[in-house]
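Trainee: need coordinates for the below:
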Amino acid sequence: MKCPSCGAEMADGSLYCEHCGEDIHIVPDFDPELEQDIELTISGMLEDIGGQETPKEDERPPRRRKSWRPWAVCGAVLAVMAAVSGLLVYQYNSLEWQIRRGADYAESQKYDRAIRCYSRALELDEDNIELKFSLAEVYFLKNNKIEYEFLLREIARDTYATSEQLERAYGKLIAIYSAREDYQTINDLLLASENATLISTYQKYLARPPEFSIKPGYYTMVQPLKLSAFGSGKIYYTLDGSEPSEESTQYTAPIILEDGDYIVKALFINDNGIVSTVTSGEFHVEFEEIPAPNINLYSGNYNFPMNIEVVEDTEEVYYTTDGSVPTYSSQLYSRPIPMPLGKSNFKFARIENGVTGDVTERSYNLVMNTDFTPQQAVDAVMQYALNTGKVFDADGHFNENWDRYQYEYQYVTNINSIDDFYVISEIYCGADGSLTKTGNHFAVNAYTGVIFKLQQDRYERLSLTELEQPVVQEPQDDDSEDEE
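Mentor: Modelled structure (predicted):
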């Protein structure tokens with residue numbers, strides 16, 4: 001049995017509702033106008049009965065059969081009462097009548113009567129969602145916000161509610177909680193709905209838990225963990241299993257999970273201050289051992305050019321010469337490296353799947369047994385260009401646009417077991433400051449200073465062609481005034 005006032009379940013035979021305290025009317029309300037008509041009808045019939053004059057003792061007519069009129073009047077009264085009872089029963093069980101009277105009572109601000117009518121209508125048609133809206137509005141007008149919210153939540157949970165009805169119900173509920181600044185309840189309500197349209201419409205109230213870019217589990221390489229969240233706000237996280245809060249580390253860039261164990265917990269706080277639930281995951285990262293590269297030359301002092309080589313596995317080996325640990329941005333080893341003149345320091349490491357292995361470090365000091373320097377070799381090549389007319393000044397200019405050639409020392413090496421040479425490259429310098437390697441290379445003997453053209457075929461075999469220095473004629477005095 002349901003209370004006709006608030007709709008709450010109550011025990012059969014109860015005379016009042018324990019939920020709202022209203023007395024229970026066994027006989028339902030009915031139309032006051034109809035009540036007045038019934039009273040007039042019964043009064044008129046009684047007057048008809050009472051209006052008959054009682055004959056005097058001596059004027060009584062001769063004895064005869066009893067009159068039928070009293071019985072007829074009683075029958076009429078009973079008939080009227082039966083008709084009234086039938087009408088009341090009809091009204092009580094008429095959905096249309098209850099809805100109409102509920103609307104009339106609500107309009108005339110008789111909210112308790114309106115509630116009874118709409119509650120009875122819902123008993124007759126309990127799946128009618130529009131009736132729930134009507135009853136909720138009456139509770140709202142009566143300032144009963146508890147029942148108002150209760151009915152709206154019922155509609156929001158109703159699986160038969162249309163999208164339009166859901167939007168109305170959620171809109172009214174969100175208006176209630178927004179006025180209270182109870183944004184957390186709005187967030188929970190929307191997430192429970194799983195309705196994409198509602199979530200999109202009211203996304204500013206949402207704070208979904210952050211999502212991980214990778215699944216928790218076991219990994220054998222460095223893992224960049226990215227955190228993302230729906231909407232505008234901030235993500236906070238911890239890596240030791242503690243509960244995150246606004247005091248925790250704010251997420252701004254991928255979290256690099258290196259060798260070790262991590263319990264990552266994160267939450268999202270949107271711009272309205274709504275706090276999401278916590279996302280958590282356990283990660284175990286254990287690197288497989290990556291051995292240090294094997295280098296052919298040990299650290300030490302050297303007097304002759306040597307090539308530094310990675311022995312055996314040469315793939316994914318990176319090296320540096322500034323003392324830093326190699327990374328993906330360092331120089332990738334691809335071929336033997338000529339040992340630099342003077343002191344140098346190399347670090348080699350293999351990098352696999354973002355993991356840097358053990359490092360091999362070598363220090364060298366190369367001092368050649370010659371007084372002929374790399375700069376002298378560069379000057380010799382420039383002089384050769386001047387002597388051959390390739391350039392017309394010591395700065396290397398060769399045309400009216402002031403474009404020029406410059407020559408740069410690259411390295412010292414032994415070529416084809418012939419001798420040791422300084423390798424010089426030719427570079428084209430545009431007037432606009434652009435630099436382009438021409439592909440021309442020269443080899444200058446590190447001991448004699450003799451210049452060679454250095455070439456390489458498609459098999460990377462080197463060849464030397466000695467360049468003959470042109471004879472430069474000394475300028476002669478003009479003896480135009482010789483004695484005759």
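
Trainee: for the helix or strand L135 falls within, buried residues please.
Mentor: Remark: L135 resides in helix 129-141, with elements defined by DSSP states H and E. Under the neighbour-count criterion of 16 or more other C-beta atoms under 10 Å, helix 129-141 has I129, L131, K132, F133, S134, L135, A136, E137, V138, Y139, F140 buried. All C-beta atoms are positioned from the backbone trio N, CA, C, and that covers glycine.

Trainee: try stretch 432-449
Mentor: If you call a residue buried by 16+ other C-beta under 10 Å, then stretch 432-449 has these buried ones: N440, H441, F442, A443, V444, N445, A446.

Trainee: narrow the residues you listed to those in strands?
Mentor: N440, H441, F442, A443, V444, N445 (DSSP state E).

Trainee: ok, the fourth one touching Y422?
Mentor: Put plainly, it is A443. Yes: checked against C-beta atoms under 8 Å, the pair A443 and Y422 is within contact range at 7.2 Å.

Trainee: now stretch 181-198, how far from the centre of its chain.
Mentor: Relative to the mean C-alpha coordinate of its chain, stretch 181-198 is positioned 18 Å out (C-alpha atoms, centre = their mean, to the nearest Å).

Trainee: show me where this structure has helices.
Mentor: 32-50, 69-92, 95-107, 111-124, 129-141, 145-157, 163-179, 183-193, 196-201, 374-387 (DSSP state H).

Trainee: I'd like those laid out as CSV, including mean pLDDT and distance to S228.
Mentor: Listed next are the helices of the chain as CSV, based on pLDDT from 0 to 100; distance: least, C-beta to C-beta, whole Å:
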stretch, mean pLDDT, distance to S228
helix 32-50, 51, 65
helix 69-92, 69, 59
helix 95-107, 89, 49
helix 111-124, 90, 45
helix 129-141, 91, 37
helix 145-157, 90, 29
helix 163-179, 89, 25
helix 183-193, 84, 17
helix 196-201, 82, 16
helix 374-387, 95, 55
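
Trainee: now these as JSON lines including distance to G217?
Mentor: Listed next are the helices of the chain as JSON lines, based on distance: least, C-beta to C-beta, whole Å:
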{"stretch": "helix 32-50", "distance to G217": "75"}
{"stretch": "helix 69-92", "distance to G217": "66"}
{"stretch": "helix 95-107", "distance to G217": "60"}
{"stretch": "helix 111-124", "distance to G217": "53"}
{"stretch": "helix 129-141", "distance to G217": "46"}
{"stretch": "helix 145-157", "distance to G217": "37"}
{"stretch": "helix 163-179", "distance to G217": "38"}
{"stretch": "helix 183-193", "distance to G217": "26"}
{"stretch": "helix 196-201", "distance to G217": "30"}
{"stretch": "helix 374-387", "distance to G217": "56"}
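
Trainee: returning to that earlier point: now for the ones in strands among the buried residues of stretch 432-449, which pair is the farthest apart?
Mentor: Between any two of these, the greatest separation by C-beta to C-beta is 17.8 Å, found for N440 and N445.

Trainee: what is the burial count for the nearest residue to L467 once chain neighbours are set aside?
Mentor: Of all residues not flanking L467 in the chain, I451 sits nearest, at 4.8 Å (C-beta to C-beta, 6 or more residues apart in numbering). I451 is flanked by 22 other residues according to other C-beta atoms under 10 Å.

Trainee: separation between I451 and Y422?
Mentor: Using C-beta to C-beta, to the nearest Å, I451 is found at 10 Å from Y422.

Trainee: again with F372
Mentor: In this view, F372 and Y422 are 8 Å apart by C-beta to C-beta.

Trainee: hey, what's in contact with both of the two?
Mentor: Residues touching both F372 and Y422 (C-beta atoms under 8 Å, 6 or more residues apart in numbering): A446.

Trainee: settle it for me: which of the two has more neighbours?
Mentor: Neighbour count, other C-beta under 10 Å: between F372 and Y422, Y422 has more, with 28 against 16.

Trainee: correct me, but that one touches Q375?
Mentor: No: shown here, Y422 and Q375 do not form a contact pair, counting by C-beta under 8 Å, at 9.5 Å.

Trainee: quickly list what's touching both of those two.
Mentor: Counting by C-beta under 8 Å, 6+ apart, the residues touching both Y422 and Q375 are Y409.

Trainee: which residue sits closest to E288, ignoring its sequence neighbours?
Mentor: Take E288 and drop its neighbours on the chain: the residue closest to it by C-beta to C-beta, 6+ apart is T220, 5.4 Å away.

Trainee: contacting residues around that neighbour?
Mentor: T220 neighbours (C-beta under 8 Å, 6+ apart): V285, E286, F287, E288, N353.

Trainee: one more: A431?
Mentor: Contacts for A431 (C-beta under 8 Å, 6+ apart) come out as N401, W402, D403.
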